[in-house]
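# structure, please.
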Amino acid sequence: MYTEDNNEGIYVERQTRVPIFSMTYGHFHPYCEIFYLRTGSCVYSVDGESHRLQAGDLFLIAPGDVHSTRYEGIVPCERTVVYCLPESLSGLCREAHPDLLEKLSHTGRAVLSEAGRRIIDPLLDAMLEENNAPDPYSHVFLQLHVMTLLLTIKRHGLPVYADPDPARDNDLPLSCCPTLSQEEVRSGNGISTDINAALHYIAQNYAMPLTLTEVAAAISLTPTYLSRKFKRVTGSTFKEYLNYIRIRQATRLLLSTEISVTEIAIRCGFNSSNYFKDCFRRINGVSPRTFRQQARQGDDRNGTNMEA
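As a prediction, the model looks like this:
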């Protein structure tokens with residue numbers, strides 16, 4: 001458990017939950033929580049809103065927000081949680097990157113690019129080691145590690161606002177975009193204008209056989225320029241981001257319809273069922289069929305618990 005004596009305001013823990021574990025009550029605390037789900041799936045409820053998390057997802061909970069977790073599926077759920085008092089980072093953040101502290105005051109899911117996911121696991125391992133075997137320097141290392149974690153979210157977070165149905169998500173919004181401020185992206189001014197147009201074009205046409213060349217032509221850019229700028233602004237390649245948007249829509253269809261996996265792949269723009277399955281597993285950690293089965297089993301258990 002977190003106490004204010006732990007490494008001067010930062011505490012890290014790792015636990016494995018069985019899929020049937022459910023927190024029956026909401027709670028809140030005066031420190032922020034950074035929750036990383038390494039394996040399995042769960043539903044995170046915050047102030048009455050539910051967020052479904054899959055392996056590889058990060059979730060940030062601001063101080064004072066009432067939240068609870070419910071684990072589901074058949075795979076044991078391993079999660080790492082970082083508890084942090086914002087003031088423990090205030091000095092470092094003011095010197096290095098003053099807007100990082102703002103991330104700790106917003107609740108939501110951070111969706112990382114593949115490059116970001118490769119950074120997170122070893123980073124959290126290092127934090128856990130400092131936490132469990134502290135020495136006089138551990139609190140400084142933990143502060144630096146938390147800053148690295150926040151910078152990773154900022155650099156490698158996908159700008160999920162261009163999702164085909166953003167109203168149904170409560171992910172971390174435009175602040176995940178590494179180069180631009182929320183105001184710059186929303187206004188479409190300066191450097192954000194071209195990429196803003198590209199992201200909206202992808203959101204409207206993701207089900208079509210899109211190519212970088214087609215998107216570039218649609219917004220009057222050369223493919224080479226768009227490719228470089230897209231990577232710099234979003235932290236992901238064009239193909240990574242397109243697959244991410246397609247898989248998010250496929251996830252919704254798996255949860256809300258009885259459509260076959262092959263038909264979902266076609267509807268979401270994949271011309272190969274096998275490639276769709278590979279992309280889905282890489283992003284969500286399980287196959288489409290297993291994901292659907294886990295979700296249904298979780299819903300069945302929840303219905304039984306409510307009736308009891």
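# drop to CA atoms for contacts and neighbour counts, all remaining ones
Noted.
# tell me the phi and psi of the most centrally placed residue in the chain?
Compute the mean C-alpha point of the chain, and by C-alpha atoms, centre = their mean the closest residue is V111, 2.4 Å away. Dihedral angles of V111 (phi, psi; degrees, to the nearest 10) stand at phi -100, psi 120.
# do I have it right that it meets L58?
Yes: the pair V111 / L58 is scored as a contact, 6.8 Å apart, by C-alpha atoms under 8 Å.
# show me whatever sits in contact with both of these two.
Here V111 and L58 have no joint contacts, going by C-alpha atoms under 8 Å, 6 or more residues apart in numbering.
# so V286, which of the three states?
coil (DSSP: H, G, I helix; E, B strand; the rest coil).
# ok, now which ones touch the residue lying closest to it once chain neighbours are set aside?
Leaving aside its chain neighbours, V286 sits nearest to F280 (7.2 Å; criterion: C-alpha to C-alpha, 6 or more residues apart in numbering). Residues near F280 by C-alpha under 8 Å, 6+ apart: I247, V286, S287, P288.
# give me the neighbour count for the residue nearest to the third one when sequence neighbours are not counted.
Residue nearest to S287 in three dimensions, not counting chain neighbours: R281, with 5.0 Å by C-alpha to C-alpha, 6+ apart. By the measure other C-alpha atoms under 10 Å, the count of residues near R281 is 17.
# R281 sits in which helix or strand?
If you go by DSSP states H and E, R281 is part of helix 273-284.
# buried residues in that helix?
F276, K277, C279, F280, R281, I283, N284 (16 or more other C-alpha atoms under 10 Å).
# can you redo these as a markdown table with distance to S220 and pLDDT?
A markdown table is the format used below for the buried residues of helix 273-284 (distance: C-alpha to C-alpha, whole Å; pLDDT from 0 to 100):
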| residue | distance to S220 | pLDDT |
| --- | --- | --- |
| F276 | 30 | 95 |
| K277 | 33 | 93 |
| C279 | 29 | 90 |
| F280 | 31 | 88 |
| R281 | 34 | 86 |
| I283 | 31 | 75 |
| N284 | 34 | 72 |
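# which secondary structure state does R252 sit in?
Classified using three-state DSSP, R252 is helix.
# what number of residues lie near it?
So R252, with other C-alpha under 10 Å, has 14 neighbours.
# so who does it touch?
So R252 contacts nothing (C-alpha under 8 Å, 6+ apart).
# same question, R246
Neighbours of R246 in contact, by C-alpha under 8 Å, 6+ apart: Y206, A207, C268, G269.
# kindly recompute the last result at 6 Å.
C268 (C-alpha atoms under 6 Å, 6 or more residues apart in numbering).
# distance of it from C268?
R246 is 5 Å from C268, where distance means C-alpha to C-alpha, to the nearest Å.
# which residues are common contacts for these two?
With C-alpha under 6 Å, 6+ apart, R246 and C268 have no common neighbours.
# so where's the stretch 201-308 of the chain shaky on pLDDT?
234-235, 297-308 (pLDDT under 70).
# do a quick rundown of the strands in it.
Counting by DSSP state E, counting those that start in this stretch, one finds no strands in the stretch 201-308 of the chain.
# next, count neighbours for S236.
Around S236 there are 24 residues (other C-alpha under 10 Å).
# check A207 too.
18.
# gap between the residue nearest to it when sequence neighbours are not counted and G56?
Distances taken as C-alpha to C-alpha, 6+ apart put G269 closest to A207, at 3.9 Å, once the chain neighbours are dropped. Distance, G269 to G56, using C-alpha to C-alpha: 23 Å.
# who's more crowded, the two?
G56 (26 against 20).
# give me the pLDDT for that one.
For G56, the model assigns a pLDDT of 84.
# now do the contacts for it.
G56 touches L37, R38, counting by C-alpha under 6 Å, 6+ apart.
# tell me the SS of it?
Relying on three-state DSSP, one would call G56 coil.
# tell me the phi and psi of it?
phi 100, psi -10.
# and it, how far from L37?
Relative to L37, G56 is positioned 6 Å away (C-alpha to C-alpha).
# V261 too?
25 Å.
# what do you get for V43?
Taken as C-alpha to C-alpha, the span from V43 to L37 is 11 Å.
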